[in-house]
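1. Have a look at this prediction, sequence included:
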Amino acid sequence: MMARMPDTKTVNTTCPYCGVGCGIKASRDRDGSVSVTGDPTHPANFGRLCSKGVALGETVDLEGRLLAPEIDDAPATWDAALSLVAERFNTAIAEHGPDSVAFYVSGQLLTEDYYVANKLMKGFIGSANIDTNSRLCMASSVAGHRRAFGSDTVPGCYEDLELADLIVLVGSNLAWCHPVLHQRILAAKSARPDMKLVVIDPRRTVTADIADLHLAIDPDGDVALFCGLLSHLATAGVLDEAYVADHTEGFAAALATAEIALPQILAQTGLTSHEIEHFYELFATTEKAVTLYSQGVNQSVCGTDKVNAIINCHLATGRIGRPGMGPFSITGQPNAMGGREVGGLANMLACHMELEREDHRTLVQDFWQSPAIPDRAGLKAVDLFQAMAEGRIKALWIMATNPVDSLPDADEVKAAIASCPFVVVSDLLAKTDSTQNAQVKLPSAAWGEKDGTVTNSERRISRQRAFLPLPGEARPDWWQLAQVARRMGHAEAFSYPDVASIFREYAALSAYDNAGTRDLDIGACADMSSEAYDRLQSFQWPRPKGGPAGQTRFFAQGGFYTANRKARFIPVTPTTELLADKSHQLLLNSGRVRDHWHTMTRTGKSAQLSAHTSEPFAELHPEDAMRLGVSEASIVEVSSGAQKVCLRAMITRRQKPGRLFVPMHWNDLFASAARINTLVPPVTDPYSGQPALKNAHVSVRPFKAAVYGFAVSAEKPDPGDCDYWALARCKGGWRLEFALAEHMPAIEAFALRLFGLGAGLQPETLAYSDRQKNDSRQAGFDAGRLLYALYLASEPVVVSRLWAVGQLTGDHSQRQSRYRIIAGRPGEDGHDPGATVCSCFGVGAKDIVTAVRAGCASVDEIGRVLNAGTNCGSCRSEIQEIVNGQRVLAAE
Ligand SMILES: Nc1nc2c(c(=O)[nH]1)N[C@H]1C(S)=C(S)[C@@H](COP(=O)(O)OP(=O)(O)OC[C@H]3O[C@@H](n4cnc5c(=O)[nH]c(N)nc54)[C@H](O)[C@@H]3O)O[C@H]1N2
Ligand SMILES: Nc1nc2c(c(=O)[nH]1)N[C@H]1C(S)=C(S)[C@@H](COP(=O)(O)OP(=O)(O)OC[C@H]3O[C@@H](n4cnc5c(=O)[nH]c(N)nc54)[C@H](O)[C@@H]3O)O[C@H]1N2
Ligand code: SF4
Ligand SMILES: [Mo]
């Protein structure tokens, strides 16, 4: 029944991080460690992996894992926990109706888990109150697709990115968020240098650095920009009139709304007329164009309109579904697409069927033989937690997501969960910000332990396979759901013997009464044996039973999934709301860094991944910094109303004045106050319900630190006393950045509290203090081992971080090396690599600068000399910047 036990042989599986969906070969070595390499045969990556994929082995340990079910924080048997969940859900339904319960699930579930969750809620509980973190991620794309195509169909595939002559990335930091696809594009571009890359993003990202054109658009200026483009395409005479006439409707109305005057476009985008003309000209004259978009489009009050403004331009030119052309919404999570397929959103039914359509409801209910099916949408994520705060939700099951960190208005979400009478959380970890108020915690199987399928951004279904034993009492999510369903009285419909049987049922439903009327059809898998499922090679849907195999694109010849099979142009008008609000100082943008994943529950475990960005930060423009009195590397307080976070200031021209960028990753387990969503209001797109996570008005002011501190420590320090702190894993232990509002503490007592060296350990200490300069240092050793090094100063501490971290694994039996630690510098012969650039080989910026000065003139040459960039390649864009001379100063 469970995931099979591991053999030592290698399994082919899929990466659990982003929506690229890279194939992986994974195995457990004899010493228990896990080895991971890219699968050279997998069509998503052909053997490549990015830094996160490469470091997977570092994230599968059992530290912090939830290994047994818990009821009210005490260990319980599965039987007791599952029965309690079933009983409490049934009671709530009996007393308050089916809409008083809810599931909040995730694009990190496997398709089979997701299918079972959706079937239980929609078909058997009879409510549509199942929503998912995809609401924060893909909902605007789904809504835009459905408005235009009549179905949530991604028309193209990855190969189009290699075949295109023009790639327009809108609101996507591909180099960091989908690194393997970015590398595929760069490889294609180096083979065909005429290929052009345009990046549309308010800030200058690493992706923008290597583009041919970067349009630093004003936030939410995208609708105006693409309306202007549609109108330009008409004027330039490059419309595909036959395609528009034969396969679409509503063009004239969309064009009429799109005809906005240039001054308005300039005002809304903040771009110059030269930039706009350049972009319009490129798009008009390049037939093979792909517009790839992500969260800068989706996470907005006008996200759905942005999607349609983009799709309108592709429909008007007939550039859709043909090689090298099309609009391309790229998915974020490993199974965001699979979740959409099985209907995990509160306004969808399973297998791309529609809740609003009676024929679809009847069909699904008939197939499931289920007692009920809702005829209206359930609560979307933001509304769901608001309903909870109002007491309307009596029982909630959270699975594979951390809403207390990732939803807007995060403290209200925390309070809503705390107020809900019954909360179940299924997670890998015992302690996340979202498990704190759960009455029942259920231990789930993690990547490497669980079995099933995921679908990537190009509709490719791949297997995730188990190669590790289930630890403790952990069980897969589908099993937990099916067990609860059985206990709720639905034994027959949830009697799955294995995960393959769920997949077969899902495949059969996709084909049920389909006959080409719905895009999603994988009927060819409906009769697949469990053995065949185990061997399943990745494939792109559709794959109808007996139908032609190998269709990889949609809509080149029309055939949309609307009633008349025509696509719909959607008239969209630009919004002006955002920039009108001048009452606050800065506009807060948020997103990702290269080596962390979401709320850091996994990447925070990896020393290698924590080296690239070890602290939460706020990027702001030098003019704002000057105006606000913020100096480089100081601490800033970013606030909205009574809510406040504390972050390291990073002053950079990558931001435009008036804007701020903060990563979404840091939470209460890794920093004192960095949950950025406590500042983001719950404002949503009217069509998709997706929150506008990229824009919040905030105030910024310096945090008046009396003392700055930095420490490395073999054991996890306890920074509870510090006003600001951020902790990160490093090789050999932990590193800690902190700041104190009050005067310099006595270093001995402070070190004792921080490193809590009880347990009979008597470290030999070495200290230095210059009271005049307010500079104090102390290090503790145990024989030749460094236990901790602590640096306090009245200015940000200028000790080379990577060098200091390296000392944790060095030998310090000699006095000389102990003195160097106190000096905070490598000796004459010592080596300071600078800030980490290549996390695979631990190569720092200073090393790369030195190599450039010694004559290395390309990324490849750097690779030959230093190995940097030769493994996963995620850092190649950053190396390129240093080679170009852009980062030399920053690195010194
Ligand atoms: N390293 C890493 N990779 C990941 C993830 C991760 O956590 N870490 N998460 C995965 C997931 S779930 C997702 S959804 C994807 C997200 O992948 P991306 O969408 O590429 O990542 P983000 O950093 O959220 O946002 C992208 C860009 O949108 C820009 N932006 C903000 N506002 C606007 C605007 O108004 N217009 C335009 N044009 N751009 C704007 C931001 O400045 C930002 O650079 O990444 C996936 N990959
Ligand atoms: N301000 C701001 N906020 C954002 C975003 C942004 O750009 N800006 N981006 C949004 C987007 S696009 C996304 S996708 C969300 C992501 O936000 P979340 O989904 O909240 O983030 P994760 O950290 O991935 O949370 C996953 C949780 O599931 C657990 N988990 C992992 N695998 C499994 C499993 O197999 N089973 C179970 N049961 N649990 C598992 C992990 O331990 C972790 O606790 O954040 C959103 N929030
Ligand atoms: S690009 Fe990186 S994170 Fe995304 S699937 Fe591939 S290896 Fe995993
Ligand atoms: Mo996402």
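-> Cool, the structure landed. Ligands and ions are numbered 1, 2, ... in the order given.
2. Show me the helices in the stretch 201-350 of the chain, by range?
-> 206-209, 222-235, 241-247, 251-258, 262-269, 273-285, 295-298, 303-316, 336-341 (DSSP state H, counting those that start in this stretch).
3. export stretch 751-769 as PDB, just CAs?
-> C-alpha atoms of stretch 751-769 as PDB (Å, rounded to 0.1, in the frame of the first residue of the first chain):
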ATOM      1  CA  ALA A 751      28.100  35.100  24.600                       C
ATOM      2  CA  LEU A 752      26.900  32.800  27.300                       C
ATOM      3  CA  ARG A 753      23.300  33.600  26.600                       C
ATOM      4  CA  LEU A 754      23.600  33.400  22.900                       C
ATOM      5  CA  PHE A 755      25.500  30.200  22.700                       C
ATOM      6  CA  GLY A 756      24.200  28.700  25.900                       C
ATOM      7  CA  LEU A 757      27.300  26.700  26.500                       C
ATOM      8  CA  GLY A 758      25.900  24.700  29.400                       C
ATOM      9  CA  ALA A 759      26.300  21.000  29.200                       C
ATOM     10  CA  GLY A 760      29.600  21.000  31.000                       C
ATOM     11  CA  LEU A 761      31.500  22.500  28.100                       C
ATOM     12  CA  GLN A 762      34.200  24.800  29.200                       C
ATOM     13  CA  PRO A 763      35.400  26.600  26.100                       C
ATOM     14  CA  GLU A 764      38.800  28.200  26.000                       C
ATOM     15  CA  THR A 765      38.000  31.800  25.100                       C
ATOM     16  CA  LEU A 766      39.900  34.500  23.500                       C
ATOM     17  CA  ALA A 767      38.600  38.100  23.600                       C
ATOM     18  CA  TYR A 768      39.400  41.600  22.400                       C
ATOM     19  CA  SER A 769      37.700  44.800  23.100                       C
END
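4. Now do that stretch: everything it contacts.
-> 711, 713, 715, 717-719, 721, 736, 747-748, 775-782, 787-788, 790, 818-819, 821-822 (C-beta atoms under 8 Å, 6 or more residues apart in numbering). C-beta here means a position set from N, CA and C on the backbone, and glycine is covered the same way.
5. Filter those residues down to just the ones in strands.
-> Here DSSP state E is the test, and the contacts of stretch 751-769 give 711, 713, 736, 775-782, 787-788, 790 as lying in strands.
6. what subset of those residues is also close to ligand 3?
-> Applying C-beta under 6 Å from any ligand atom to the ones in strands among the contacts of stretch 751-769, one finds that nothing falls near ligand 3.
7. re earlier: among the helices of the stretch 201-350 of the chain, which is nearest residue 20?
-> Using C-beta to C-beta as the measure, helix 336-341 is the one of those that comes nearest residue 20, at 11.3 Å.
8. Please work out the average pLDDT along the very next helix or strand once past that closest one.
-> As assigned by DSSP states H and E, the chain's next helix or strand after helix 336-341 is helix 358-368. Helix 358-368 shows a mean pLDDT of 97.
9. switch to numbering from 616
-> I'll keep to 616 as the first residue from here, and by that count the last item is helix 973-983.
10. Tell me the first helix or strand C-terminal of helix 973-983.
-> Taking DSSP H and E as the definition, the helix or strand right after helix 973-983 is helix 996-1004.
11. Dump the following helix or strand past that next one to PDB, restricted to CA.
-> Using DSSP H and E, the helix or strand that follows helix 996-1004 in sequence is strand 1010-1014. Provided in PDB are the C-alpha atoms of strand 1010-1014 (Å, rounded to 0.1, in the frame of the first residue of the first chain):
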ATOM      1  CA  ALA A1010     -13.200  22.900  10.700                       C
ATOM      2  CA  LEU A1011     -10.100  23.400   8.500                       C
ATOM      3  CA  TRP A1012      -7.600  21.100   7.000                       C
ATOM      4  CA  ILE A1013      -4.300  22.700   5.800                       C
ATOM      5  CA  MET A1014      -2.100  20.500   3.600                       C
END
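12. Against which helices or strands is strand 1010-1014 packed?
-> Packing partners of strand 1010-1014 (3 or more C-beta pairs under 8 Å, 6 or more residues apart in numbering; DSSP states H and E): helix 693-711, strand 716-720, strand 1037-1042.
13. close to ligand 2, is the second one?
-> Translated: strand 716-720. No - Strand 716-720 stays out of contact with ligand 2 when judged by C-beta under 6 Å from any ligand atom, the minimum separation being 8.7 Å.
14. Give me the buried positions along that strand.
-> 716-720 (16 or more other C-beta atoms under 10 Å).
15. just stretch 1422-1438 next, same as before
-> 1422-1423, 1427, 1432-1433, 1435-1436.
16. Nearest to ligand 1 among those residues?
-> residue 1423 (25.6 Å; C-beta to the nearest ligand atom).
17. List the residues that contact the residue in the stretch 1316-1465 of the chain positioned nearest to ligand 4.
-> Residue nearest to ligand 4 within the stretch 1316-1465 of the chain: residue 1454 (22.1 Å; C-beta to the ion). If you count contacts by C-beta under 8 Å, 6+ apart, residue 1454 has them with 666, 670, 1210, 1223-1224, 1226-1227, 1489-1490.
18. Least confident of those residues?
-> residue 1489 (81).
19. pretty sure that residue contacts residue 666?
-> Yes - here residue 1489 reaches residue 666: they are 4.0 Å apart, a contact under C-beta atoms under 8 Å.
20. Spit out the residues that contact these two alike.
-> If you check residue 1489 and residue 666 against C-beta under 8 Å, 6+ apart, the residues they both contact are 794, 1209-1210, 1454.
21. Which ones, among the residues you listed, also lie beside ligand 3?
-> residue 794.
22. Could I get the shared contacts of residue 1489 and residue 666 in JSON lines, plus columns for secondary structure and distance to ligand 1?
-> JSON lines is the format used below for these (DSSP: H, G, I helix; E, B strand; the rest coil; distance: C-beta to the nearest ligand atom, whole Å):
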{"residue": "794", "secondary structure": "helix", "distance to ligand 1": "8"}
{"residue": "1209", "secondary structure": "coil", "distance to ligand 1": "5"}
{"residue": "1210", "secondary structure": "coil", "distance to ligand 1": "6"}
{"residue": "1454", "secondary structure": "coil", "distance to ligand 1": "12"}
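23. Now for the chain, the helix or strand with the poorest mean pLDDT.
-> Ranking every helix and strand in the chain by mean pLDDT, DSSP states H and E puts helix 1503-1506 at the bottom, with a mean of 36.
24. Nearest residue to residue 638 in space, please, no chain neighbours.
-> residue 657 (2.3 Å; C-beta to C-beta, 6 or more residues apart in numbering).
25. Next, count neighbours for the one you found.
-> 24 (other C-beta atoms under 10 Å).
26. before we move on, which element is residue 1463 in?
-> Counting by DSSP H and E, the element that carries residue 1463 is helix 1460-1468.
27. and that helix, how far out from the chain's middle?
-> Offset of helix 1460-1468 from its chain centre (C-alpha atoms, centre = their mean, to the nearest Å): 31 Å.
28. just stretch 1270-1280 next, same as before
-> 17 Å.
29. And for stretch 1413-1428?
-> 32 Å.
30. Quick check: end-to-end length of it?
-> 25 Å (C-alpha to C-alpha, to the nearest Å).
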